[in-house]
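Asker: just need the structure, nothing else, for what follows:
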Amino acid sequence: MKIGLTYDLRPLDPPSPDLPVDHYAEFDSSETLYFLTEGLQALGFEVERIGNLLALLERLHSNLLSVDLIFNIAEGLWGRGREALIPALLEAYRIPYVGSDPLTLSLCLDKAMTKQVWKGCSLPTASAWVVRRVEELSHLSISVDYFPLFVKPCHEGSSKGIDSQRSVISSFLELQSQVEYLLRIYQQPILIEKFLSGREFTVGILGTGENTRVLGITEITEVALYGASGYREKEEWESLAPDTYLPLGPSLLWDELAKVALAAYQAVECRDLGRVDIRLDAEGNPNLLEINPLPGLNPKHCALPIIAQQQGLSYPDLLGQILDSYLSREKILCK
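Answerer: Residues are numbered from 1 along each chain as shown. The predicted structure is shown next:
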């Protein structure tokens, strides 16, 4: 079987001065592509690197795409539907692909919409507001008792727009300043949440529908150092806090986190792989932060493959289980 890889490669040069420093944070490194290619080849697959949306369009237009399956990790660049563009194109051409479909990818990139779905399913997630202009802040019913708050862009991943020093808000003046800054830099709605002061965890999940399972749970220990895990902490965790990912062993807390994460994953109909971020409130109750249906797959840097390693699963075996999920759900669809 021949597998095609679709991806967005991070440029070697930093973003231009008119763009935020984390503009390309969601894109993958050449190292990630190397590991992914080697891992799939170790499973016996032939691998063809295709590239981003434009590269895929060119191959389709020239009738030069000859693969059996697409393994998609492309994040896209513009708009809240950017992660859905390649899967939507593949569906239009009836080309099979690994991972979630366009609806799920678009939904999950919009943090506010995702929270609405979870609330509709009676799943725990912090109270939140969305603002599109600074003037809207004066119309929000936020009392002094609600502080501290947490502020971030509504349609970003990889902790883009999150600063461990500035994102936790303790006054209305700070809130106004940070919202104004994020609106200007990221040009999108801003999500304001009740800050959760407890421990933070990320839950690795594999599978689809009823065949979904928790791969493992790890604690984001750097949160205890910085109060919040921002872009810099996530990007440079190996040097800033080498023990960032601490596996959580069997416990009542593990069971509780796993139950909430599985329900959250299934509520938005993720497929094959994903990662759910959860944080405890001051009373120790789990609250859903967000979900990533396109989790990073660099085995040296990203949470999902690190969780797999903590569970004794090799990188090729992790990829194999992701592909097994795809094959299992395709058999169900084809019946």
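Asker: show me where the stretch 101-250 of the chain has its strands.
Answerer: Assigned by DSSP state E, counting those that start in this stretch, the strands in the stretch 101-250 of the chain fall at 128-131, 149-153, 168-169, 190-194, 200-206, 213-220, 245-247.
Asker: right, so of those strands, which gets closest to Asp68?
Answerer: Counting by C-beta to C-beta, Asp68 lies closest to strand 200-206 out of the strands of the stretch 101-250 of the chain; the figure is 21.2 Å. No exception for glycine: its C-beta is placed from N, CA and C like everyone else's.
Asker: care to break this protein down by domain?
Answerer: 2-99, 125-194, 197-334 (automatic domain parsing).
Asker: same list (those) but as a markdown table, adding distance to Ala112 and mean neighbour count.
Answerer: As requested, the domains of the chain are exported to a markdown table (distance: least, C-beta to C-beta, whole Å; neighbours: other C-beta atoms under 10 Å):
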| stretch | distance to Ala112 | mean neighbour count |
| --- | --- | --- |
| domain 2-99 | 10 | 16 |
| domain 125-194 | 5 | 17 |
| domain 197-334 | 10 | 18 |
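Asker: just send those domains back as JSON lines, with mean pLDDT and distance to Leu105 too.
Answerer: Below are the domains of the chain laid out as JSON lines (pLDDT from 0 to 100; distance: least, C-beta to C-beta, whole Å):
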{"stretch": "domain 2-99", "mean pLDDT": "94", "distance to Leu105": "4"}
{"stretch": "domain 125-194", "mean pLDDT": "93", "distance to Leu105": "11"}
{"stretch": "domain 197-334", "mean pLDDT": "92", "distance to Leu105": "6"}
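Asker: make TSV out of those domains and add distance to Met113.
Answerer: Shown next, in TSV, are those (distance: least, C-beta to C-beta, whole Å):
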stretch	distance to Met113
domain 2-99	9
domain 125-194	9
domain 197-334	10
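Asker: so which of those domains is nearest Leu107?
Answerer: Across the domains of the chain, Leu107 has its closest neighbour in domain 197-334 (5.7 Å, C-beta to C-beta).
Asker: tell me how far the closest one is from the chain's mean position?
Answerer: Computed by C-alpha atoms, centre = their mean, to the nearest Å, the chain-centroid distance of domain 197-334 equals 10 Å.
Asker: quick revisit: closest one to Asp28 among the strands of the stretch 101-250 of the chain?
Answerer: In terms of C-beta to C-beta, the element of the strands of the stretch 101-250 of the chain nearest to Asp28 is strand 200-206, at 18.1 Å.
Asker: other SSEs contacting the closest one?
Answerer: If you count contacts as 3 or more C-beta pairs under 8 Å, 6 or more residues apart in numbering; DSSP states H and E, strand 200-206 packs onto strand 213-220, helix 252-267, strand 273-280, helix 303-310, helix 315-334.
Asker: how close does the spatially most central residue of the chain sit to Ile217?
Answerer: Nearest to the mean C-alpha position of the chain, counting by C-alpha atoms, centre = their mean, stands Asn292 at 2.6 Å. According to C-beta to C-beta, to the nearest Å, Asn292 stands 15 Å off from Ile217.
Asker: which residues touch Pro153?
Answerer: Contacts for Pro153 (C-beta atoms under 8 Å, 6 or more residues apart in numbering) come out as 160-161, 182, 186, 188-191.
Asker: that one - nearest residue in space that isn't next to it in sequence?
Answerer: Residue nearest to Pro153 in three dimensions, not counting chain neighbours: Gly161, with 3.9 Å by C-beta to C-beta, 6 or more residues apart in numbering.
Asker: now Gln178
Answerer: Leaving aside its chain neighbours, Gln178 sits nearest to Val151 (5.0 Å; criterion: C-beta to C-beta, 6+ apart).
Asker: ditto for Asp281
Answerer: Residue nearest to Asp281 in three dimensions, not counting chain neighbours: Leu196, with 5.0 Å by C-beta to C-beta, 6+ apart.
Asker: how many neighbouring residues does that neighbour have?
Answerer: Number of residues near Leu196 (other C-beta atoms under 10 Å) recorded here: 22.
Asker: so it touches Asp277, yeah?
Answerer: No. Contact criterion C-beta atoms under 8 Å: Leu196 and Asp277 do not qualify, at 10.9 Å.
Asker: overlap of the contact sets of these two?
Answerer: Common contacts of Leu196 and Asp277 (C-beta under 8 Å, 6+ apart): Leu289.
Asker: between the strands of the stretch 101-250 of the chain, which gets nearest to Leu323?
Answerer: Among those, strand 200-206 sits nearest to Leu323 (C-beta to C-beta), with 10.5 Å.
Asker: what does the closest one contact?
Answerer: Outside strand 200-206, the residues that touch it by C-beta under 8 Å, 6+ apart are 212-220, 223, 229, 248, 257-258, 261-262, 265, 270, 272-280, 289, 295, 303-304, 307-308, 321-322, 325.
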